[in-house]
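A.B. asks: quick one: sequence and predicted model below, then my questions.
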Amino acid sequence: MSELLELNGLTKAYPGVVANDDVSFSIARGGIHALLGENGAGKSTLVKTVYGLVKPDAGTMRLNGSDYAPADPRAARASGVAMVFQHFSLFEALSVAENVGLGMENPPGPRDLGRRIWEVSHAYGLPLDPERRVGGLSAGERQRVEIVRCLLQDPKLLIMDEPTSVLTPQEVEVLFATLRKLAREGTSILYISHKLEEIRALCDAATILRGGRVVGECDPREVSAGELAERMVGETLTAPKSRNASVGDVVLDVAKLNLPPVSKFGAALRDVSISVRAGEVLGIGGVAGNGQDELLTALSGERLAPAGTIRLEGTDISRARPTARRRAGLLCAPEERLGHAAAPDMSLTENAALTGTVRKRLTRNGFLDWRRTRDFAQEVIDAFDVRTPGPQAAARSLSGGNLQKFVIGREVLQGPRVLVVNQPTWGVDAAAAAAIRQALMDLASQGAGIVVISQDLEELMEISDRFAALNEGRLSASVPTADLTMERIGLMLGGAHDLEAADA
Ligand SMILES: Nc1ncnc2c1ncn2[C@@H]1O[C@H](COP(=O)(O)OP(=O)(O)OP(=O)(O)O)[C@@H](O)[C@H]1O
């Protein structure tokens, strides 16, 4: 196999950090090449350089034997480089075909475009109806739109940034079949993921980054996932410690909560009942868009609930606003890090103040006490090993996984009575994910009630005492995790509610 893309000495520094440091490796034609590394290792910076979004300070690239230095993504696409981002850039109110057309340099006429979308999507096992509105599509279907948009440009290199984090296990299989087919046809794939077993199943080469430098190359099929993880972090990993499951009184009690969807494309909550005891972790599984956002905003107080539906340690807080709920001890960490959980252009200190003022007493005489706030941000950075030059850094300058560690740490260190988290380890590397899970379990051991909403079933099985499934806005009765099989979980996720035991 010959090389499609060669990277030679790529270097890119940001204030206080060298994101890529003399990075050299090559990607084979028709190869599926994994880019591995813990959060902040420099993976995104590197692929953004290849896609023309970042200009390197030093180093060169060659594509297909010719010098390659894309001035912008348009130039990269013209050279045959396509990228599917972790965050989709689709317009919900437009159709599949309209969205695809908007992302193309020279889209064909509407009828032709519709026909080609249908053909390409079916040929690659990702069937799409060009006429459907994107707003009504699942996350997996939206990703198909992004992939098909890339395929219509006939790419030589397809870059995928953590593509499976939004997919169900079945959708992952379909995606892998598509990528293998593309590779057989000669397209190269550069694949970023933190899911090491997936990398072992899919990729035929891997480059490992640590601190911006290449620290290893291997064939992931010949190395265990544990070994890969250890090479990434440069140390031995420990599995989470189990804890004593001594549970206390009910701390969070939700009774028959009904709420309309947050948007036209959300799901209404229907008769949702939850009961979480002190010391307990309740895992809520389900495919995104089945009421997760509605549940989180109802619990955080961003949307008020009908009186008598939500009780915290016996007190009705259904009509209380977010600040009052925080004061009472109910804290929430939403899924979307930039925008919802953190303000991108604000510093980490300012972001610490966003949710920390009441419980960490960050105000004095009605004004923010900047020193205390900065100290709190620093405390989060230290305790959760957030890689950043310091609390003055803007939230958007952090790598995705490091910002996630900050957002979760900020809530955990406020000593909540009840903590609700949505996708707590999304985009977080194996070592940091283990640390976040351990922190949630430790918090439960200290007597808090924890609700973990996640699409990662293995994560839920690892840390939850009980499991419930959210499907079209209905929450199943919860079942002790120890009694569950994957088959039963599948049935619960599919909405077969009558199969479960009654709530204990
Ligand atoms: N625009 C920027 N300004 C300042 N620093 C940045 C910027 N972009 C990235 N960095 C820093 O560069 C380093 C590498 O970040 P990068 O996003 O490439 O890591 P990553 O390996 O993709 O991490 P993750 O897995 O968490 O997404 C990090 O320390 C990050 O904080």
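C.D. replies: Arrived safely, thanks for sending.

A.B. asks: can you dump the C-alpha atoms of the lowest-mean-pLDDT helix or strand in the chain in CSV for me?
C.D. replies: Within the chain, no helix or strand scores below helix 486-493, which has a mean of 73 by mean pLDDT, DSSP states H and E. Taking Å, rounded to 0.1, in the frame of the first residue of the first chain, the C-alpha atoms of helix 486-493 are listed here in CSV:
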residue,chain,number,x,y,z
MET,A,486,-27.8,-6.9,27.7
GLU,A,487,-30.8,-8.5,26.2
ARG,A,488,-33.1,-7.2,28.9
ILE,A,489,-31.6,-3.7,28.6
GLY,A,490,-32.3,-3.9,24.8
LEU,A,491,-35.9,-4.7,25.5
MET,A,492,-36.2,-1.9,28.1
LEU,A,493,-34.6,0.6,25.7
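
A.B. asks: low-scoring stretches of this structure, by residue?
C.D. replies: 1, 235-245, 265, 336-339, 486, 490, 494-504 (pLDDT under 70).

A.B. asks: which parts of it belong to which domain?
C.D. replies: Under automatic domain parsing, the residue ranges defining each domain of the chain are 3-233, 250-498.

A.B. asks: the least confident helix or strand of the chain packs against which elements?
C.D. replies: strand 281-285, strand 466-471 (3 or more CB pairs under 8 Å, 6 or more residues apart in numbering; DSSP states H and E). Every residue, glycine included, has its C-beta placed from N, CA and C.

A.B. asks: redo the ones you listed as a markdown table? Include distance to residue 394.
C.D. replies: Below are the helices and strands packed on helix 486-493 laid out as a markdown table (distance: least, CB to CB, whole Å):
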| stretch | distance to residue 394 |
| --- | --- |
| strand 281-285 | 32 |
| strand 466-471 | 34 |
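
A.B. asks: closest to the ligand out of these?
C.D. replies: Minimum separation from the ligand across those (CB to the nearest ligand atom) falls at strand 281-285, 23.8 Å.

A.B. asks: so how far is that closest one from its chain's centroid?
C.D. replies: Distance of strand 281-285 from its chain centroid, counting by CA atoms, centre = their mean, to the nearest Å, is 17 Å.

A.B. asks: stretch 57-74 too?
C.D. replies: Put simply, stretch 57-74 sits 29 Å off its chain's centre (CA atoms, centre = their mean).

A.B. asks: under a three-state scheme, what state does the spatially most central residue of the chain occupy?
C.D. replies: The centroid of the chain falls nearest to residue 426 when counting by CA atoms, centre = their mean (3.0 Å). Look at residue 426: counting by DSSP: H, G, I helix; E, B strand; the rest coil, its state is coil.

A.B. asks: how much space between it and residue 86?
C.D. replies: Per CB to CB, to the nearest Å, residue 426 is found 9 Å from residue 86.

A.B. asks: coming back round to it: now the domains of the chain as TSV including distance to the ligand?
C.D. replies: TSV is the format used below for the domains of the chain (distance: least, CB to the nearest ligand atom, whole Å):
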stretch	distance to the ligand
domain 3-233	3
domain 250-498	3
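
A.B. asks: circling back to that earlier point, residues making contact with the least confident helix or strand of the chain?
C.D. replies: Outside of helix 486-493, the residues within contact range by CB atoms under 8 Å, 6 or more residues apart in numbering are 285, 286, 287, 457, 467, 468, 469, 471, 476, 479, 499, 500.

A.B. asks: give me the angle between it and strand 281-285.
C.D. replies: Relative orientation of helix 486-493 and strand 281-285, computed by axes from the mean of the first three to the mean of the last three CA atoms, to 10 degrees: 70 degrees.

A.B. asks: give the buried residues for helix 486-493.
C.D. replies: Using 16 or more other CB atoms under 10 Å as the test for burial, helix 486-493 gives 488, 489, 491, 492, 493.

A.B. asks: go on, stretch 12-21?
C.D. replies: Buried residues in stretch 12-21 (16+ other CB under 10 Å): 12, 17, 18, 19, 20, 21.

A.B. asks: next: stretch 366-376.
C.D. replies: 369, 372, 373, 374, 376.

A.B. asks: and what of stretch 250-257?
C.D. replies: Judged by neighbour count (16+ other CB under 10 Å), stretch 250-257 contains these buried residues: 250, 251, 252, 253, 254, 257.

A.B. asks: could I get the residues you listed as JSON lines with secondary structure?
C.D. replies: As requested, those are exported to JSON lines (three-state DSSP):
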{"residue": "250", "secondary structure": "strand"}
{"residue": "251", "secondary structure": "strand"}
{"residue": "252", "secondary structure": "strand"}
{"residue": "253", "secondary structure": "strand"}
{"residue": "254", "secondary structure": "strand"}
{"residue": "257", "secondary structure": "strand"}
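
A.B. asks: need the max-distance pair from those.
C.D. replies: Based on CB to CB, the longest span within the buried residues of stretch 250-257 runs between 251 and 257 and measures 16.4 Å.

A.B. asks: out of the buried residues of stretch 12-21, name the ones that lie in strands.
C.D. replies: Those of the buried residues of stretch 12-21 mapping onto strands are 12, 17, 18, 19, 20, 21, per DSSP state E.

A.B. asks: ok, residue 262 - how many residues close by?
C.D. replies: 17 (other CB atoms under 10 Å).

A.B. asks: OK, contacts around it?
C.D. replies: By CB under 8 Å, 6+ apart, the contact set of residue 262 is 293, 294, 297, 303.

A.B. asks: just the buried ones from these, in PyMOL syntax?
C.D. replies: Applying 16+ other CB under 10 Å to those leaves a buried subset, and the PyMOL line that selects it is:
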select buried, resi 293+294+297
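
A.B. asks: of the contacts of residue 262, just say which sits nearest to residue 410.
C.D. replies: Nearest member of these to residue 410, counting by CB to CB, is residue 297, at 18.4 Å.

A.B. asks: ok, residue 323 - contacts?
C.D. replies: residue 358.

A.B. asks: now residue 214
C.D. replies: Counting by CB under 8 Å, 6+ apart, residue 214 has contacts 23, 24, 25, 207, 208.

A.B. asks: of the residues you listed, closest to residue 404?
C.D. replies: The nearest member of the contacts of residue 214 to residue 404, counting by CB to CB, is residue 208 at 21.0 Å.
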